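S.K.: here is a sequence with its predicted model. Questions after.
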Amino acid sequence: MLGIDLIGLLATIFLVGLRYPHYVLLAAFIHEFGRIFVALFLHSHIDYIIAAGAFGTMAVSNYKSGPIGIVLIFSGPLANYIICSIVGGIAFEPTKNLLNPLVNLKSPFAVINFRLCIISCLILIWKNFI
């Protein structure tokens with residue numbers, strides 16, 4: 001089952017990039033696609049997915065703990081980081097602009113993917129390990 005949480009997507013837009021909401025939605029799609037791709041690659045059974053940007057969840061029935069569970073948990077942020085690295089342009093941004101969602105960016109798609117990766121990792125660590 002697939003569910004879309006609009007409040008989570010709006011919160012992600014406010015946290016990641018209020019100036020570039022279309023890039024945030026594309027980065028959220030990449031985030032969810034990365035999680036689904038890794039789950040299917042590992043032959044796991046997906047029970048449900050709630051797409052909410054950085055706040056999304058996915059329930060997989062046969063891998064809940066261990067190293068494969070950790071790979072499944074962090075596969076969405078990893079997909080965003082890979083896209084950020086492929087697109088490039090993050091090196092040309094000043095460091096103070098990397099985490100401010102209101103600034104005008106030179107390469108917004110790379111920075112938006114980087115921000116979503118960082119925020120999603122922090123939220124996933126908080127939800128799963130604390």
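M.R.: Noted; the coordinates are in hand. Numbers count the residues shown, from 1 in each chain.
S.K.: and the next element down the chain from the lengthiest strand in the chain?
M.R.: Longest strand in the chain by number of residues, with DSSP state E as the criterion: strand 46-51. Sequence-wise, the next helix or strand downstream of strand 46-51 (DSSP states H and E) is strand 57-60.
S.K.: so which elements touch that following strand?
M.R.: Secondary-structure packing of strand 57-60 (3 or more CB pairs under 8 Å, 6 or more residues apart in numbering; DSSP states H and E): helix 21-41, strand 46-51, helix 66-73. In this view, the C-beta of every residue, glycine as well, is placed from N, C-alpha and C.
S.K.: and the second one with helix 66-73, angle?
M.R.: Angle, strand 46-51 to helix 66-73, by axes from the mean of the first three to the mean of the last three CA atoms, to 10 degrees: 40 degrees.
S.K.: neighbours of Y63, how many?
M.R.: Y63 has 18 neighbours, counted by other CB atoms under 10 Å.
S.K.: same check on Y20?
M.R.: 19.
S.K.: could you list which residues are in contact with it?
M.R.: Residues in contact with Y20, defined by CB atoms under 8 Å, 6 or more residues apart in numbering, are 105, 108, 112.
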